[in-house]
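Student: got a predicted structure here, sequence first:
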Amino acid sequence: MIRLLKEGVFGGNGNLAAATLGPLELELMQILWSHGESNVREVVFRLNRSLAYTTVMTTLDRLYKKGFLDRRMPDRAFVYSPRFSREEWERQRAESVVAGWLAGSRPSRELLFSSFLDAVGEHDVTLLDELEKKIRRKRREMRRRERS
Amino acid sequence: MNAAYLFRMVCLSLASFFLVNGVAGAATTLFSSAAIRIAEAMRPRSAARFLFILRMLPSVLGMTVVLGLCVPSYLWLEPQIASERVGFACLLLAALAVGACSQSLVRTACAIGTSARLRKEWLHTENEALPTEEESQAVVDEEAMVVEKREPLLALSGIFSPRMVISRGVLAELSRKQVDLAVRHEIAHRESHDNLKRLFLVLSPEFFPFVDGFAALEKTWARFSEWAADDEAVQGDSQRALSLATALLRVARMGARPRLSVLQTSLLPEDHDLSARVDRLLCVEPPPVERVSPSNSPAIARGLCFVAGVLALASIPATLSSVHRLLELFLR
């Protein structure tokens, strides 16, 4: 079911998460996720640095070929739009990382689980320490009240 | 009474149950967020009771309609020689009802199995030597089962005559006062029959097979029943509240809690909201404690009134013949 949904969302490109994004590609994707459908000129305008029109055009074309973008031509220039949301991309990426670890050798799997457990354990200990502090504070308060 | 006649009755009953339970269940699920908001404005015991009634309402309504109206009208008005066939819609609804009921039965069987296995395991490691009165008066009074384990275990096991189970590790970790309060917390669960309520929750089918529509209600009920047990244990005393909060924290620091059955109540459930519980305990001036037992009587009385009302309705011939006409439509 989940696979079917994913295939629906990603247009059958289930291997999307395996495709990596370079720094410029990611930057362009961020612009399109934030501003929605844009043509090359608009993307160049929204970039925080000056880049050649042709560089941006080539990168957007590469993103389209990788399956990250949809494009249409209402006039003479292509207008690009993301094929999926930022959340979907991040979820796909996380799933891909975990799947990669799980498919790996036994030690790498154990390493992943122990890292997770450590992270959860640390979170737990911090929470318990905070609660302990609250209890101590309350106890002091009550003693002070009793004395007065 | 031949087999076809009985088969039709079973199909109709199941399909009617599915419809009533489904409609009431879907409505309950739809309004569960609003119901939880209403419950949050109540005291924990009343909130737990309100959510429990709401969760049980669809199944009870379904059962009452089937046993109070459908079955009597069928037996009274359906001629035994009738050779009607059961329609596809009716069969489909009956199959869905079987699916939902089987799911809850399997869930209950698993929970009972886990409960029995753990109890057996605990009996093996039970230490007959109870702590002395100096160590913990409450554990002595309760004749709790003390098990020779280091794990953080303090639970109430059993449905009709629940027994307290406590590990030697917990006894060693907590002070006498803290153990007493933790035991009082479990006594509060026992007095409000929380394990029996858990059984009803597990037994009560979902409104559609394999849909977990009541999860939010059940989780919130569990949270409020913990809060109510905390309140009843500390009895509005801020010193006691502080001791219970410390006990909770010490048990939490003991490490991974043993996995219990859904039919067992633990001092610190697995999906506990420790932070919220400790905060509540520290903020007390706790509210005045509600007594559990007397307020159960009006609830039972209201339930009996409802059943009596349905029976009275069923005893009017016009009601049964109307229901029978509906069932006839349904059967096709």
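Tutor: Nice, I can see it.
Student: which bits of the stretch 101-250 of chain B sit near chain A?
Tutor: Contacts of the stretch 101-250 of chain B with chain A, taken as Cβ under 8 Å from any Cβ of the partner chain, map to B:Ser238, B:Gln239, B:Leu242, B:Ala245, B:Thr246, B:Leu249. The C-beta positions use only the backbone N, C-alpha and C, and glycine is treated the same way.
Student: the residue most central in space within chain A: helix or strand, and which one exactly?
Tutor: With distances taken as Cα atoms, centre = their mean, A:Glu90 lies nearest the centre of chain A, 2.8 Å away. Using DSSP states H and E, A:Glu90 sits in helix A:86-103.
Student: and the first helix or strand past that helix going along the chain, how far out from the chain's middle?
Tutor: Later in the chain than helix A:86-103, the nearest helix or strand by DSSP H and E is helix A:106-147. The chain centre lies 28 Å from the centre of helix A:106-147; the measure is Cα atoms, centre = their mean, to the nearest Å.
Student: secondary structure added to the residues of the stretch 101-250 of chain B next to chain A, as CSV?
Tutor: As requested, these are exported to CSV (DSSP: H, G, I helix; E, B strand; the rest coil):
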residue, secondary structure
B:Ser238, helix
B:Gln239, helix
B:Leu242, helix
B:Ala245, helix
B:Thr246, helix
B:Leu249, helix
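Student: list only buried entries from those.
Tutor: By neighbour count, with 16 or more other Cβ atoms under 10 Å in any protein chain shown, those hold B:Ser238, B:Leu242, B:Ala245, B:Thr246, B:Leu249 as buried.
Student: want to throw these into TSV with pLDDT and distance to B:Gly87?
Tutor: Shown next, in TSV, are those (pLDDT from 0 to 100; distance: Cβ to Cβ, whole Å):
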residue	pLDDT	distance to B:Gly87
B:Ser238	87	65
B:Leu242	91	65
B:Ala245	92	60
B:Thr246	92	64
B:Leu249	89	60
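Student: identify the farthest-apart pair in these.
Tutor: Using Cβ to Cβ, the two most remote members of these are B:Ser238 and B:Leu249, lying 16.4 Å apart.
Student: which bits of chain A sit near chain B?
Tutor: A:Asp124, A:Leu127, A:Leu128, A:Leu131, A:Glu132, A:Lys134, A:Ile135, A:Lys138, A:Arg139, A:Met142.
Student: so can I have TSV of these showing neighbour count?
Tutor: Supplementary listing: these in TSV, determined by neighbours: other Cβ atoms under 10 Å in any protein chain shown:
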residue	neighbour count
A:Asp124	14
A:Leu127	14
A:Leu128	17
A:Leu131	22
A:Glu132	16
A:Lys134	17
A:Ile135	19
A:Lys138	20
A:Arg139	16
A:Met142	13
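Student: assign B:Arg85 to helix, strand or coil.
Tutor: Taking three-state DSSP, the label given to B:Arg85 is coil.
Student: and chain A, what are its domains?
Tutor: With automatic domain parsing as the criterion, the domains of chain A are listed as A:2-87, A:106-147.
Student: which one of these is the most hemmed in?
Tutor: domain A:2-87 (a mean of 15; mean count of other Cβ atoms under 10 Å in any protein chain shown).
Student: how far does that domain sit from its chain's centre?
Tutor: 15 Å.
Student: what mean pLDDT does that domain have?
Tutor: Averaged over domain A:2-87, pLDDT sits at 79.
Student: phi and psi next, for B:Phe210.
Tutor: phi 60, psi 20 (degrees, to the nearest 10).
Student: from B:Val60, how far off is it?
Tutor: 22 Å (Cβ to Cβ, to the nearest Å).
Student: out of the two, which sits in the more crowded spot?
Tutor: B:Val60 (19 against 8; other Cβ atoms under 10 Å in any protein chain shown).
Student: where does the more buried one fall, helix, sheet strand or coil?
Tutor: Assignment for B:Val60 (three-state DSSP): helix.
Student: any low-confidence regions in the stretch 151-300 of chain B?
Tutor: For the stretch 151-300 of chain B, the stretches with pLDDT under 70 are B:270-272, B:285-300.
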